[in-house]
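Chemist: Need a 3D model of the sequence below.
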Amino acid sequence: MNTDHADGTYVIDSIESGLARCESISTGHVLHIEKALLPRGAKEGDVLITDNGAIRIDTQATAERTKNIRNMLDVLFRKS
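Modeler: I've put the predicted structure just below:
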């Protein structure tokens, strides 16, 4: 794991070739984390909290982001 600016809240943008590309919610900084270091079950779109090298999934923030994205898509495609 690249430790530069590592502590914070990130969203998993993609997982390819054994690396997760994670983008900071607050700064847009990109952090690459080895897939093996991610919490079990972590997937694209999950919100991660990193703190002193520990990584956990923020299930509440992930659910909120997923709901907000679905709502935006519904508005965009005029679904009710």
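
Chemist: Wasn't residue 13 part of a strand?
Modeler: Yes. Secondary structure of residue 13 (DSSP: H, G, I helix; E, B strand; the rest coil): part of a strand.

Chemist: contacting residues around it?
Modeler: Residue 13 makes contacts with 21-23, 30, 44, as judged by Cβ atoms under 8 Å, 6 or more residues apart in numbering. Bear in mind the C-beta positions are built from the backbone N, C-alpha and C, glycine included.

Chemist: Let me see the ranges of the helices in this protein.
Modeler: Using DSSP state H, the helices found in the chain span residues 59-76.

Chemist: The residue most central in space within it and residue 30: what is the separation?
Modeler: By Cα atoms, centre = their mean, the chain has its centre lying nearest to residue 11, at 1.8 Å. Per Cβ to Cβ, to the nearest Å, residue 11 is found 11 Å from residue 30.

Chemist: which neighbours do those two share?
Modeler: Taking Cβ under 8 Å, 6+ apart as the contact rule, residue 11 and residue 30 both touch 22-23.

Chemist: can I get the contacts of residue 13 in CSV with distance to residue 61?
Modeler: Shown next, in CSV, are the contacts of residue 13 (distance: Cβ to Cβ, whole Å):
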residue, distance to residue 61
21, 18
22, 13
23, 14
30, 19
44, 15
